[in-house]
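sharing a sequence plus its predicted fold:
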Amino acid sequence: MQVHDWSTSRLGSPSAWPQPLKTVASLMLHSKTPAFLAWGPDLSLLYNDAYLDILGQKHPAALGRPLYEVWPEIRDDIEPLVNKTLSGEPVYFENALFTLRRNGEGEPAWFSFSYAPVDGPNGRVAGLYCSLTETTAQVLAEQNRQAETRRLYSLFEQAPSFMAVVREPSHVYELTNSAYLRLVGRQDVVGKTFREVVQEIEEIEEIEEIEEQDYAALLDQAYATGKPRIGNRMPVTFRRQADGAPERRFVDFIFQPITGPDGKVNGVFIEGNDVTEHARTEDELRESKRSALQTARHLDAVLQAAPVGIAMVDAQGKAVRANPANRQLWGAHPVSQGIDGYGGCKGWWADGSARHGRRIRPQEWALARALRGEEAPRGTVEIEPFGEPGIRRTILDCGAPVRDSDGNIIGSVVAQMDITDQVSIEAVLRETILTYHTIANAIPQIVWGTRPDGYHDYFNQQWYDYTGVPQGSTHGEGWKGLFYLEDQMLATKKWRHSLTTGEPYEIEYRLRHHSGQYRWTLGRALPVRNEQGAIVRWMGTCTDIHEQKLAQEELVQSDRLKDEFLAMLAHELRNPLAPIATAADLLSMGTLDEEEVWQLSEVISRQAGHMTRLIDDLLDVSRVTHGQVTLDRQPVDMKSIVTEAVEQVKPLLEAKAHHLEIQLPPERSMVSGDRMRLVQVLANVLNNAVRYTPNRGRIALQMVEDGNQLTLCVRDNGMGMSDELIAVAFELFTQGERTSDRTQGGLGLGLAMVQSLVRLHGGTVSLQSAGAGLGSELTMVLPRLPHDDGPRRFEADDATPGPAGESLRIMVVDDNVDAARLLGMFVEMLGHQAFVQFHPASALECARQVKPHICLLDIGLPDMDGYTLARQLRLLPGMENVLMAAVTGYSQPRDKQAAFAAGFNFHFAKPINAQQLKSWLADVAVQGKDKPVTAGG
């Protein structure tokens with residue numbers, strides 16, 4: 001169907017069309033260019049044959065269809081234009097791209113088109129007429145031109161040389177490439193004249209006047225004459241970076257005039273290269289040549305003056321040069337003949353200690369080896385110089401090849417030095433060092449040495465045996481790693497101080513032993529100085545003082561405990577002394593009645609008893625802790641021990657309103673032990689729990705049988721103990737935190753005695769506490785006896801004094817006048833005669849006269865001790881069998897043994913126990929004056 005057969009379109013038969021539609025359709029039909037008509041409310045589409053290539057596959061279905069149904073893909077692009085045309089305003093559009101079907105294939109095509117409104121019969125716009133003109137050829141030509149322009153501009157922009165185009169006689173910048181902008185250090189030059197840019201650069205950079213070419217004048221000449229201007233290595237000065245300093249550069253350039261179509265010059269092309277680096281390289285090359293020539297002169301001077309023999313040969317081994325030192329070393333030296341000259345050399349390899357080793361072959365000399373490209377390190381050889389038979393010299397012989405720029409060997413050079421004297425000195429030095437090391441390793445002392453700057457370079461064998469570290473691992477600063485971390489800083493500080501001042505170094509620090517233990521060590525070092533007084537070395541020692549240090553610390557701790565104990569002892573003794581002294585003052589007034597005197601006597605007796613117990617505790621703990629106590633071991637029921645111990649602490653327990661809970665096994669719990677000592681142990685433990693628990697506390701005593709063991713545990717909810725206090729709790733004189741009122745009292749003896757007595761019984765004792773304020777727990781473990789051992793009950797026999805006998809003559813001797821008189825008064829109150837003496841001489845005289853039945857003697861007497869006095873008394877006529885009792889403050893077991901050995905029958909410890917003395921005197925009176933009484937006390 002032909003396109004103009006429009007009778008099949010939706011617009012119906014053309015004969016029925018309005019006249020305007022017929023007219024436009026006729027024009028469109030005869031048009032050679034593509035055209036279409038959109039008519040009616042739906043903008044139904046009519047088109048000519050030339051439009052078919054644009055429609056492609058849309059034809060013939062597009063004929064008579066609404067415009068937007070045919071072209072839905074471009075509706076958004078054309079609808080505004082269509083609406084504008086339908087409003088009565090023509091629209092023109094250039095170079096629109098379409099895909100046309102040509103030769104059966106689609107290809108791009110560009111069209112310029114116009115929309116014109118078409119009026120209907122009523123004079124109103126009823127459609128639009130579109131005429132298209134193909135502009136494909138023009139568009140492609142323009143694209144090619146633009147591509148070529150871009151290619152040329154890319155070449156222009158990327159060119160390594162700097163380029164610019166200036167126009168008009170004033171040289172206005174039209175184009176510049178990146179290289180040009182980098183050179184001038186500016187970006188805003190386009191549109192400005194050459195002179196403006198130069199003036200701005202000079203103002204901004206404040207460049208001083210420099211004798212440089214007037215480049216603006218050269219541009220004027222090129223523009224005016226039409227002839228190029230060329231410059232080589234021309235200086236220019238720019239600030240190439242915004243924050244950089246002005247730089248003087250050198251450029252090669254050409255100013256090439258540009259002519260227009262009319263043949264007249266209308267611009268200048270500027271092109272050139274920054275040749276600064278090349279220029280500098282040339283300058284440096286010239287300077288290098290000059291320097292090389294000067295170096296050669298210096299080298300020649302060095303060779304002439306050098307004390308080292310130097311010789312050179314070329315690649316064929318032909319001698320090139322030898323300096324005077326080489327000729328002096330060799331005598332009529334062989335290097336004049338090159339390598340071959342060494343054939344007659346007498347040389348031997350030296351191995352340090354052995355002289356005249358294997359003979360050296362000609363090709364083994366360093367000069368020949370280096371020429372072959374072999375390694376020719378420094379070697380020690382012995383030579384016999386030419387013309388000097390029998391003379392031996394030791395030299396260092398080393399060589400190196402000489403290579404060209406391609407690495408080819410073009411010769412070799414040898415350096416030789418006479419070290420004969422040095423070798424001799426070194427041999428003596430090695431022998432000295434060997435002797436020193438042998439001595440240092442033989443002594444039982446760590447020895448070390450350093451350089452003057454403190455670098456540790458020697459440790460003897462004792463150091464490595466002691467520390468267990470590998471040989472050489474502690475050289476330099478490695479020794480610091482063996483110091484205890486807390487000691488490193490101080491040790492380093494003192495060492496640096498000694499290095500700076502030259503003062504001796506001494507410090508105590510902890511050094512790691514090979515066992516891993518850090519042991520206290522005494523480090524000392526002294527500087528070794530030369531004849532000028534300069535330090536040439538440091539020598540030091542390390543001495544293990546671990547045991548001494550620990551002993552010293554223990555001594556300090558012991559002194560501290562002793563001081564604290566003496567302070568406690570003074571306090572505890574002053575407490576009972578105060579009421580005794582007050583009572584004595586009251587008695588001295590003589591205004592008291594019998595009742596008041598009796599009350600004061602009770603106070604004195606009670607406080608004296610307290611002092612006695614304190615002293616007895618001191619003596620007892622000393623005997624116990626030193627193993628001087630003999631236990632009276634018998635089968636004992638520990639339940640009865642608990643009963644007696646609780647009875648002893650009951651008054652204090654009730655005074656503090658504590659609750660005591662006791663858990664005991666139902667059967668007997670038998671142990672082999674000293675009844676009195678076991679009661680003493682448990683009473684002491686309970687007493688501590690009572691005293692160190694605040695009022696209304698809880699105390700638990702539990703006894704458990706476990707196989708062959710018996711465990712007693714005492715727990716309280718009292719003050720508790722720190723870990724530090726638990727660690728020393730069983731040491732003498734140790735107590736918890738003390739207050740000034742010392743309400744808990746005591747001398748810190750109890751737990752030490754508890755531990756000693758428990759150990760004497762074959763048991764163990766331990767302490768536990770969760771911390772301060774959380775109570776404590778003490779556990780004793782004793783060996784248990786089978787249930788059938790020993791009687792069920794043990795009764796204590798109470799000794800009672802016998803009936804009083806007749807009156808005795810008793811001599812009391814004591815240099816303490818008050819003590820002697822009071823003891824005499826007490827004897828008289830018992831109904832006996834008392835003869836009180838204060839000196840051994842008067843005591844001997846008194847004994848001759850009165851012949852006493854009993855002598856109560858102090859040991860610590862003036863001029864003659866009590867032991868000697870006792871022996872002297874027994875030598876008096878009638879005194880051979882007299883009874884003697886020592887009354888003394890010396891109450892240790894050895895003191896009692898000494899008394900009995902001196903002839904004493906009894907021993908009383910001060911302060912004397914009145915009841916004990918009364919009983920003993922009664923026994924003497926009953927048994928007879930001349931019958932001995934069993935020793936005791």
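Arrived safely.

counting neighbours, what do you get for the nearest residue to Gln837 once chain neighbours are set aside?
Excluding its sequence neighbours, the residue lying closest to Gln837 (C-beta to C-beta, 6 or more residues apart in numbering) is Ala843, at 4.1 Å. Heads up, the C-betas are built off the backbone N, CA and C, glycines and all. Neighbours of Ala843 under the rule other C-beta atoms under 10 Å: 25.

Ala843 and Val850, how far apart?
Remark: distance between Ala843 and Val850 (C-beta to C-beta, to the nearest Å) = 11 Å.

now the common contact residues for the two.
Here Ala843 and Val850 have Met811 as joint contacts, going by C-beta atoms under 8 Å, 6 or more residues apart in numbering.

give me the element the residue nearest to Ser178 when sequence neighbours are not counted is part of.
Closest residue in space to Ser178, ignoring its immediate chain neighbours: Glu157 at 6.1 Å, by C-beta to C-beta, 6+ apart. Applying DSSP states H and E as the criterion places Glu157 in helix 136-158.

tell me the centre residue of the chain?
Taking C-alpha atoms, centre = their mean, the centroid of the chain lies closest to Leu485, which sits 9.3 Å from it.

distance-wise, check Trp495 relative to Phe483.
11 Å.

cool, and Asn408?
57 Å.

give the partner strands of the longest strand along the chain in its sheet and their orientations.
For the chain, the strand with the greatest residue count under DSSP state E is strand 105-119. Strand 105-119 pairs in its sheet with strand 91-102 (antiparallel), strand 125-134 (antiparallel), by DSSP bridges.

now Val887: which helix or strand?
Counting by DSSP H and E, Val887 is found in strand 883-888.

mind listing what's buried along that strand?
883-888 (16 or more other C-beta atoms under 10 Å).

closest one to Pro235 out of those, please.
Taking C-beta to C-beta as the measure, Pro235 lies nearest Thr888 of the buried residues of strand 883-888, at 120.2 Å.

right, and the helix or strand after the host helix or strand of Thr500?
Per DSSP H and E, Thr500 falls inside helix 485-501. From helix 485-501 onward toward the C-terminus, using DSSP H and E, the following helix or strand is strand 505-512.

hang on, the earlier thing: got the angle for the longest strand of the chain vs helix 136-158?
Here strand 105-119 runs at an angle of 120 degrees relative to helix 136-158 (axes from the mean of the first three to the mean of the last three C-alpha atoms, to 10 degrees).

pull out the buried residues from strand 105-119.
109-115, 117-118.

ranges for the strands of the stretch 601-750 of the chain?
Along the stretch 601-750 of the chain, the stretches classed as strands by DSSP state E, counting those that start in this stretch are 633-637, 659-663, 670-674, 698-706, 709-716.

once you drop chain neighbours, what's closest to Met312?
Closest to Met312 by C-beta to C-beta, 6+ apart is Val320, at 4.4 Å.

any idea which element that neighbour lies in?
Assigned by DSSP H and E, Val320 falls in strand 319-322.

that strand - contacts with which helices or strands?
strand 309-314 (3 or more C-beta pairs under 8 Å, 6 or more residues apart in numbering; DSSP states H and E).

the strand it packs on: partners in the sheet, and parallel or antiparallel?
strand 319-322 (antiparallel), strand 409-418 (antiparallel).

so which of those strands is the most packed in?
strand 409-418 (a mean of 20; mean count of other C-beta atoms under 10 Å).

now it: mean pLDDT?
Averaging pLDDT along strand 409-418 gives 82.

tell me where the stretch 701-850 of the chain has helices.
723-728, 750-760, 817-829, 840-850 (DSSP state H, counting those that start in this stretch).

no no, the stretch 351-500 of the chain
366-371, 420-442, 461-467, 485-501.

columns distance to His59 on top of those, output as JSON lines?
As requested, the helices of the stretch 351-500 of the chain are exported to JSON lines (distance: least, C-beta to C-beta, whole Å):
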{"stretch": "helix 366-371", "distance to His59": "95"}
{"stretch": "helix 420-442", "distance to His59": "113"}
{"stretch": "helix 461-467", "distance to His59": "105"}
{"stretch": "helix 485-501", "distance to His59": "98"}
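
lowest average pLDDT across those helices?
Across the helices of the stretch 351-500 of the chain, helix 420-442 gives the lowest mean pLDDT, at a mean of 75.

gap between it and the chain center?
42 Å (C-alpha atoms, centre = their mean, to the nearest Å).

which strands and helices sit next to that helix?
strand 393-403.

out of the strands of the stretch 601-750 of the chain, flag the one nearest Ser288.
Of these, nearest to Ser288 by C-beta to C-beta is strand 709-716, at 97.0 Å.

give me the sheet partners of the closest one and which way each runs.
Counting by DSSP bridges, strand 709-716 is paired with strand 698-706 (antiparallel), strand 776-783 (antiparallel).

out of those, which is the most enclosed?
It is strand 776-783: most buried of those by mean count of other C-beta under 10 Å, with a mean of 20.

identify the residues contacting that one?
In contact with strand 776-783 (C-beta under 8 Å, 6+ apart) are residues 638, 671-673, 681, 685, 688-689, 692, 708-716, 718-721, 754, 758, 761-769.

tell me the most buried of the helices of the stretch 701-850 of the chain?
helix 750-760 (a mean of 21).

what about that helix, distance to the chain center?
For helix 750-760, the distance to the chain centre is 46 Å (C-alpha atoms, centre = their mean).

mean confidence for the longest strand of the chain?
84.

can I get that strand as CSV, trimmed to CA atoms?
What follows is strand 105-119, C-alpha atoms only, in CSV (Å, rounded to 0.1, in the frame of the first residue of the first chain):
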residue,chain,number,x,y,z
GLU,A,105,20.0,-2.0,8.5
GLY,A,106,19.5,0.7,11.1
GLU,A,107,22.0,3.5,11.3
PRO,A,108,22.1,6.9,13.1
ALA,A,109,20.9,10.0,11.3
TRP,A,110,20.5,13.6,12.4
PHE,A,111,17.7,15.9,11.4
SER,A,112,16.7,19.4,11.9
PHE,A,113,12.8,19.8,12.0
SER,A,114,10.1,22.4,12.5
TYR,A,115,6.6,22.2,13.9
ALA,A,116,4.0,24.5,12.3
PRO,A,117,0.4,24.9,13.5
VAL,A,118,-2.4,24.0,10.9
ASP,A,119,-5.7,25.7,11.2
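
tell me which residues of stretch 69-85 come out buried.
Buried-residue list, stretch 69-85, by 16+ other C-beta under 10 Å: 70-71, 78, 81-82, 85.

who touches it?
Contacts of stretch 69-85 (C-beta under 8 Å, 6+ apart): 38, 43, 45, 55, 58, 62, 67-68, 91, 93, 115-117, 125, 128.

go on, stretch 503-513?
With C-beta under 8 Å, 6+ apart, stretch 503-513 has contacts from 466-468, 482-484, 487, 490-491, 494-495, 497-498, 518-527, 538, 540, 542, 545, 549.
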